[in-house]
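Asks: For reference, the sequence and a predicted model appear below.
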Amino acid sequence: MTSTMPAPTAAQANADETEVLDALIVGGGFSGPVSVDRLREDGFKVKVWDAAGGFGGIWWWNCYPGARTDSTGQIYQFQYKDLWKDFDFKELYPDFNGVREYFEYVDSQLDLSRDVTFNTFAESCTWDDAAKEWTVRSSEGREQRARAVIVATGFGAKPLYPNIEGLDSFEGECHHTARWPQGGLDMTGKRVVVMGTGASGIQVIQEAAAVAEHLTVFQRTPNLALPMRQQRLSADDNDRYRENIEDRFQIRDNSFAGFDFYFIPQNAADTPEDERTAIYEKMWDEGGFPLWLGNFQGLLTDEAANHTFYNFWRSKVHDRVKDPKTAEMLAPATPPHPFGVKRPSLEQNYFDVYNQDNVDLIDSNATPITRVLPNGVETPDGVVECDVLVLATGFDNNSGGINAIDIKAGGQLLRDKWATGVDTYMGLSTHGFPNLMFLYGPQSPSGFCNGTDFGGAPGDMVADFLIWLKDNGISRFESTEEVEREWRAHVDDIFVNSLFPKAKSWYWGANVPGKPAQMLNYSEASPHI
Ligand SMILES: Cc1cc2nc3c(=O)[nH]c(=O)nc-3n(C[C@H](O)[C@H](O)[C@H](O)COP(=O)(O)OP(=O)(O)OC[C@H]3O[C@@H](n4cnc5c(N)ncnc54)[C@H](O)[C@@H]3O)c2cc1C
């Protein structure tokens, strides 16, 4: 991650350095605002650094065509200080601009801006045990001391680039979806190749298919995508939603993943087939994440139950895709993995685009990319020439963004401590690194959780904790090795007793070559439970 802002002057840097903050938050996405506001109200001196050029966190970086939430916007809001009362979403599932607008609204209410510095990438944090403070340095030359550092770098701060020979030699436009040009990129009339069919891939594919002269998609794993059922929202729609939003927030607080619905408390495999199918049909018509996290209880742990939904989903895809060979590539008879153990995406016309003459789907397991050439992508079948190459290849999730910072305490780098696997206490802190906390960190429920709920509840918890320390005159804290071992065993135990190990997913680092295989997302409960 690099910044585009000019380096600060020596005077600016010195001004930063003279003040010792109570807390510096690294990362200005949805995880931070509640902590910032709570801490400031309690008299803390707190600042935020963010490498992005503006508000939005992940939504600042991921501005590719079609980038949008798969939480409904209305549940992707803060409950904190009624930060939902006066903001209207224009779409049920807002795009990145809609989310940025909501973030601007949050800023207008909390005045975050006065303490946020953008275009500032924290490259090192060094702990001084005598002074009991961190010194944080940015690649732009800033330096800041703080008694506590809250690392809120999100799960997708480090894009994952494919290791393909010749990638740098490509002479057209080549962009990772998470490093898309801020001004946009017009793909009209272009020959486009998209590598990857994860969440970002299918969003960009839908947009590219509509305008490109030709689109070629390389698929490694089919995306078991679910219908989005997008809607435009009027002011009345927003008002109607607000009428019972408090009830929805209550469900959000108590549900598995911080959404406004629960699992159906019965097993799919034990439910008579006609009853089960009727329930699937109803959910299908309504669309969205209830098909995943509001489906039958046990879907993510019981293979027989899981299979009933996979077969239902597969028949729906085959109904939509005309060419049987393509349909089979998208929804094979043998599931690529159980449903829902890779994060499913929401689609609007994803499967239909493969009926278009200008779209080709290539199975990159059968026909691998051998190298990238200046004019396109080479496979054993020949060269797919293209003007635009889209790398929808995901992230080094959860720990990648943290390990990109030289976090050092007691002579040890955090990335060295984590070389064989992440250890944290509840995803919030790690032994040997005092006065350091994580928000949306590895081994927290982040990957399953509705992001703003996750920003709200742990943000509150971290603020409570820091305020309690201050009130009790405690200037140094860290978690013990013992509680970390217990937490890791707990996270791993839930993982091995679920269907999650059956998919090579980012949930457990399996998408990154050489990354220790370990569950990085706590898959049992929302942050409130
Ligand atoms: C395409 C996409 C769609 C998503 N859709 C949903 C959804 O529908 N629902 C949902 O709940 N979640 C969704 N998520 C997950 C999303 O990450 C969270 O909802 C939420 O944004 C997490 O907020 P955060 O503040 O923890 O992290 P982020 O929003 O990722 O913000 C982290 C910030 O840290 C900054 N940063 C990183 N490293 C440094 C550094 N060293 N120095 C300074 N700054 C740094 C980054 O610039 C970034 O602004 C989606 C993610 C992606 C990628």
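Replies: All right, it came through fine.
Asks: residues near residue 308, how many?
Replies: By other Cβ atoms under 10 Å, the residues close to residue 308 number 21. In short, each C-beta sits where N, CA and C put it, glycine included.
Asks: what residues are up against residue 364?
Replies: By Cβ atoms under 8 Å, 6 or more residues apart in numbering, the contact list for residue 364 reads 195, 218, 219, 220.
Asks: what lines up beside the longest strand along the chain in the sheet?
Replies: Among the elements of the chain assigned as strand by DSSP state E, the one spanning the most residues is strand 143-151. Note on strand 143-151: by DSSP bridges, its sheet partners are strand 20-26 (parallel), strand 133-138 (antiparallel), strand 436-438 (parallel).
Asks: ok, then the element right after the longest one?
Replies: Of the helices and strands lying after strand 20-26 in sequence (DSSP states H and E), the nearest is helix 33-41.
Asks: Could you do the last one as well?
Replies: Where DSSP H and E defines the elements, the next helix or strand beyond strand 436-438 is helix 451-471.
Asks: And residue 365, which helix or strand is it part of?
Replies: Residue 365 belongs to no helix or strand when assigned by DSSP H and E.
Asks: Please tell me I have it right and it contacts residue 222.
Replies: No: judged on Cβ atoms under 8 Å, residue 365 makes no contact with residue 222 at a distance of 10.8 Å.
Asks: Looking at these two, which is more packed in?
Replies: Ranked by neighbour count (other Cβ under 10 Å), residue 365 and residue 222 place residue 222 first, with 20 against 10.
Asks: The more buried one: what's it in contact with?
Replies: 197, 329, 330, 331, 332, 336.
Asks: Keep only those residues that also lie close to the ligand.
Replies: The subset of these within reach of the ligand, by Cβ under 6 Å from any ligand atom, is empty.
Asks: Which two among those residues are spaced furthest apart?
Replies: Within the contacts of residue 222, 197 and 332 form the most distant pair, 13.3 Å apart (Cβ to Cβ).
Asks: okay, the two: which has more neighbours?
Replies: Remark: of residue 197 and residue 332, residue 197 carries more neighbours, 23 against 12, as counted by other Cβ under 10 Å.
Asks: Wait, residue 448 touches residue 289, no?
Replies: No: using Cβ under 8 Å, residue 448 is not in contact with residue 289; the gap is 10.5 Å.
Asks: Inside helices: which ones of the contacts of residue 222?
Replies: Among those, the ones falling in helices (DSSP state H) are 329, 330.
Asks: Out of the contacts of residue 222, which is nearest to the ligand?
Replies: Using Cβ to the nearest ligand atom, residue 197 is the member of the contacts of residue 222 that sits closest to the ligand, with 13.7 Å.
Asks: so what's the closest one up against?
Replies: By Cβ under 8 Å, 6+ apart, the contact set of residue 197 is 205, 217, 219, 220, 221, 222, 223, 392.
Asks: What segments of the stretch 251-400 of the chain are helices?
Replies: Applying DSSP state H, counting those that start in this stretch to the stretch 251-400 of the chain gives helices spanning 273-286, 290-293, 303-320, 324-330, 400-403.
Asks: Generate CSV for the ones you listed, with mean pLDDT as supplementary columns.
Replies: Shown next, in CSV, are these (pLDDT from 0 to 100):
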stretch, mean pLDDT
helix 273-286, 98
helix 290-293, 95
helix 303-320, 97
helix 324-330, 98
helix 400-403, 96
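Asks: and of the ones you listed, who's closest to residue 114?
Replies: Closest of the helices of the stretch 251-400 of the chain to residue 114 is helix 400-403, at 25.1 Å (criterion: Cβ to Cβ).
Asks: On the C-terminal side of that closest one, identify the next helix or strand.
Replies: Using DSSP H and E, the next helix or strand after helix 400-403 towards the C-terminus is strand 406-409.
Asks: what mean pLDDT does that next one have?
Replies: Rounded to a whole number, the mean pLDDT of strand 406-409 is 98.
Asks: List the buried residues of it.
Replies: 407, 408, 409 (16 or more other Cβ atoms under 10 Å).
Asks: now do stretch 108-115
Replies: By neighbour count on 16+ other Cβ under 10 Å, the buried set for stretch 108-115 is 109, 110, 112, 115.
Asks: what's the spacing between it and its chain's center?
Replies: Mean-position distance between stretch 108-115 and its chain equals 24 Å (Cα atoms, centre = their mean, to the nearest Å).
Asks: go on, stretch 286-302?
Replies: On the basis of Cα atoms, centre = their mean, stretch 286-302 sits 19 Å off its chain's mean C-alpha point.
Asks: So which residues make contact with that stretch?
Replies: 70-72, 226-229, 255-257, 259, 261-269, 271, 276, 279, 283-284, 305-306, 309, 338-341, 344, 346, 448, 497-500, 523.
Asks: May I see the helices of the stretch 251-400 of the chain organised as a markdown table, with distance to residue 244 added?
Replies: A markdown table is the format used below for the helices of the stretch 251-400 of the chain (distance: least, Cβ to Cβ, whole Å):
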| stretch | distance to residue 244 |
| --- | --- |
| helix 273-286 | 17 |
| helix 290-293 | 17 |
| helix 303-320 | 29 |
| helix 324-330 | 37 |
| helix 400-403 | 37 |
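Asks: Pick the most buried one from the ones you listed.
Replies: Among these, helix 400-403 has the highest mean neighbour count (mean count of other Cβ atoms under 10 Å), at a mean of 24.
Asks: is the ligand contacted by that one?
Replies: Yes: judged by Cβ under 6 Å from any ligand atom, helix 400-403 and the ligand are in contact via residue 401.
Asks: Pull out the CA atoms of that helix and give them to me as CSV.
Replies: In CSV, the C-alpha atoms belonging to helix 400-403 read as follows (Å, rounded to 0.1, in the frame of the first residue of the first chain):
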residue,chain,number,x,y,z
GLY,A,400,-1.6,-9.7,5.9
GLY,A,401,-2.2,-6.0,6.6
ILE,A,402,-0.9,-6.3,10.2
ASN,A,403,2.2,-8.2,9.1
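Asks: Which strands or helices does that helix pack on?
Replies: helix 414-417 (3 or more Cβ pairs under 8 Å, 6 or more residues apart in numbering; DSSP states H and E).
Asks: Report the buried residues of the helix it packs on.
Replies: For helix 414-417, the neighbour count (16+ other Cβ under 10 Å) marks 414, 417 as buried.
Asks: can you check stretch 477-486 too?
Replies: Applying a neighbour-count criterion of 16+ other Cβ under 10 Å, one finds 478, 479, 484 buried in stretch 477-486.
Asks: just those residues now: which is nearest residue 177?
Replies: Proximity of the buried residues of stretch 477-486 to residue 177 was ranked by Cβ to Cβ; the top entry is residue 484 with 33.8 Å.
Asks: host element of the closest one?
Replies: Here residue 484 sits within helix 481-496, counting by DSSP H and E.
Asks: Just the residues contacting that helix, thanks.
Replies: Defining contact as Cβ under 8 Å, 6+ apart, one finds that helix 481-496 is touched by 421, 423-426, 430-431, 443, 501, 508, 518-519, 522-524.
Asks: Go again with 7 Å.
Replies: Helix 481-496 is contacted from outside by 423-426, 430-431, 443, 501, 508, 519, 522-524, using Cβ atoms under 7 Å, 6 or more residues apart in numbering.
Asks: Now for the nearest residue to residue 520 once chain neighbours are set aside: which residues touch it?
Replies: In this structure, residue 520 finds its nearest non-sequential neighbour in residue 398, 4.1 Å apart by Cβ to Cβ, 6 or more residues apart in numbering. Applying Cβ under 7 Å, 6+ apart to residue 398 gives the contacts 155, 442, 446, 520, 521.
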